[in-house]
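# coords below, sequence missing:
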């Protein structure tokens with residue numbers, strides 16, 4: 001009875017104890033856990049990994065001089081608990097994907113909080129201001145962005161001219177499909193399958209009607225590249241290496257399921273049209289220089305110099321799809337061209353797998369230095385377009401769609417190299433002091 005009485009006394013004292021970590025906002029007392037949870041939910045919707053979100057919240061907490069708060073992050077919610085009482089505040093992410101411009105504003109908010117130039121009490125108003133900019137994608141930029149992304153990838157990976165034109169048209173078609181179906185929450189899960197099926201069917205019909213017998217991988221995969229979960233799988237591996245086992249495993253399974261749907265769509269489209277995709281045409285960025293053909297006319301591949309122009313087109317298309325402003329678009333072009341140059345230069349010396357990891361490390365540092373010089377261009381946003389270029393998601397897609405176990409080893413090794421390179425690149429910028437945003 002003494003033990004029970006003591007426990008009841010401690011519980012009563014804990015319940016009577018006033019909230020130790022609060023901020024007064026507009027005359028109302030708000031727990032700091034709620035403020036941090038609101039910020040974390042915003043970062044989750046911005047596409048940050050749970051590892052990065054937890055790190056950002058811990059830095060924000062420490063910069064504000066707050067002790068005794070433990071932070072946990074899951075893919076869809078943030079938990080901030082009081083170490084003294086065990087009381088927990090849970091904030092759910094809204095699950096609405098933010099544009100690149102909104103993600104940049106969210107990261108500038110984090111930078112200001114870490115530097116102490118923005119107070120914790122300002123978090124609710126600033127988060128509301130960022131979320132108010134959430135709108136459905138405008139039809140024209142979305143469709144045009146998908147078309148440019150598709151054509152850009154087709155040229156970068158040296159598809160024949162006929163495949164480039166088809167990729168441009170099919171990319172626009174896939175953009176229309178995605179625009180129509182994303183309005184229905186229940187249809188989001190089948191968008192990857194339908195997009196892959198339609199893209200494969202159109203390419204198959206064109207190839208059959210024209211007599212072109214060599215159909216490269218990216219003629220089929222380029223139009224659906226926006227839906228390939230390469231970044232999701234890489235984030236999952238990053239979380240697994242950071243001991244975030246639950247979230248990393250969940251994201252990895254989600255990415256593999258999406259790849260499975262897309263592979264099923266390609267298989268179904270191929271079966272309907274009789275299309276045969278050449279599995280040997282799967283290549284990484286650093287290997288495309290060696291791709292060529294002795295065929296002429298529409299079956300000839302673009303010259304190598306056209307790939308540099310295509311990288312600019314690709315960066316512009318991605319910016320249109322994900323809603324970047326002109327500053328972020330310019331930064332994306334510079335970073336993506338640099339990524340292509342670095343990988344192309346390193347591949348002959350180190351191989352494409354190692355070159356991808358080295359490029360990721362160098363670019364991560366470079367984008368952090370850019371962030372220091374121009375705080376309105378956060379590193380996490382400017383690095384993402386190059387990240388999409390480096391991730392070998394479409395190579396993994398063809399491995400699944402052709403059931404080629406040997407081909408699956410290349411994207412897996414590249415995923416790991418990319419994760420290691422990103423981790424190393426994330427450690428080096430600690431040598432540089434981060435500038436706070438000026439506005």
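Done, it's in. Keep in mind that what you see is a predicted model, and the values were worked out from it rather than measured. Residues are numbered from 1 along each chain as shown.
# From now on I want contacts and neighbour counts done on CA atoms only, so please keep to that.
Fine.
# Confirm for me that residue 163 is in contact with residue 222.
No - with contacts counted by Cα atoms under 8 Å, residue 163 stays clear of residue 222, the gap being 9.8 Å.
# what is in contact with those two at once?
Residues within reach of residue 163 and of residue 222 at once, by Cα atoms under 8 Å, 6 or more residues apart in numbering, are residue 154.
# Show the end-to-end separation of stretch 314-331, please.
Stretch 314-331 stretches 13 Å from its first residue to its last (Cα to Cα, to the nearest Å).
# which parts of that stretch are buried?
Buried positions in stretch 314-331, judged by neighbour count with 16 or more other Cα atoms under 10 Å: 314-325, 328-331.
# Tell me which entries of those lie within helices.
314, 315, 316, 317, 318, 319, 320, 321, 328, 329, 330, 331 (DSSP state H).
# residues in contact with the third one?
Listed by Cα under 8 Å, 6+ apart, the contact set of residue 316 reads 145, 148, 149, 329, 332, 333.
# isn't the last one right next to residue 312, touching?
Pointing back at residue 333 there. Yes - taking Cα under 8 Å as the definition, residue 333 is a contact partner of residue 312 at 5.6 Å.
# can you give me the helices in the stretch 51-200 of the chain?
In the stretch 51-200 of the chain, the helices defined using DSSP state H, counting those that start in this stretch lie at 100-115, 123-131, 139-156, 161-181, 191-210.
# What average pLDDT does the third one get?
So that's helix 139-156. Helix 139-156 shows a mean pLDDT of 87.
# List the buried residues of it.
141-156.
# of those, closest to residue 265?
Of all these, residue 150 has the smallest distance to residue 265: 17.4 Å, by Cα to Cα.
# correct me, but that closest one touches residue 227?
No - Residue 150 sits out of contact with residue 227 when judged by Cα under 8 Å, with a separation of 11.3 Å.
# Which among the helices of the stretch 51-200 of the chain is found nearest to residue 47?
Closest to residue 47 of the helices of the stretch 51-200 of the chain is helix 100-115 (Cα to Cα; 8.0 Å).
# From the chain's centroid, how far away is the closest one?
17 Å (Cα atoms, centre = their mean, to the nearest Å).
# okay, the angle between that helix and helix 123-131?
Relative orientation of helix 100-115 and helix 123-131, computed by axes from the mean of the first three to the mean of the last three Cα atoms, to 10 degrees: 160 degrees.
# tell me which residues in helix 100-115 are buried?
For helix 100-115, by 16+ other Cα under 10 Å, it's 100-115.
# Okay, strands next: where are they in the stretch 1-150 of the chain?
22-25, 28-31, 69-74, 77-82, 88-92 (DSSP state E, counting those that start in this stretch).
# Can you add distance to residue 257 and mean neighbour count and give those back as TSV?
Formatted as TSV, the strands of the stretch 1-150 of the chain follow (distance: least, Cα to Cα, whole Å; neighbours: other Cα atoms under 10 Å):
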stretch	distance to residue 257	mean neighbour count
strand 22-25	42	15
strand 28-31	39	14
strand 69-74	19	20
strand 77-82	22	22
strand 88-92	24	18
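# Quick one: closest of those to residue 232.
The nearest among those, by Cα to Cα, is strand 69-74 at 14.6 Å.
# burial measure for residue 276, as a count.
Residues near residue 276, counting by other Cα atoms under 10 Å, number 18.
# May I have the phi/psi pair for it?
The phi/psi pair for residue 276 (degrees, to the nearest 10) reads phi -120, psi 110.
# Surely it is in contact with residue 270?
Yes - counting by Cα under 8 Å, residue 276 touches residue 270, with 6.6 Å between them.
# Would you mind measuring from the nearest residue to residue 172 once chain neighbours are set aside to residue 331?
Nearest residue to residue 172, sequence neighbours excluded (Cα to Cα, 6 or more residues apart in numbering): residue 147, at 4.5 Å. Separation of residue 147 from residue 331 (Cα to Cα): 21 Å.
# How about residue 302?
Relative to residue 331, residue 302 is positioned 26 Å away (Cα to Cα).
# Wait, residue 222 touches residue 157, no?
No - Residue 222 is beyond contact range of residue 157, at 9.3 Å (criterion: Cα under 8 Å).
# For stretch 168-180, buried residues please.
The neighbour-count check on stretch 168-180 (16+ other Cα under 10 Å) flags 168, 169, 170, 171, 172, 173, 174, 175, 176, 177, 178, 179 as buried.
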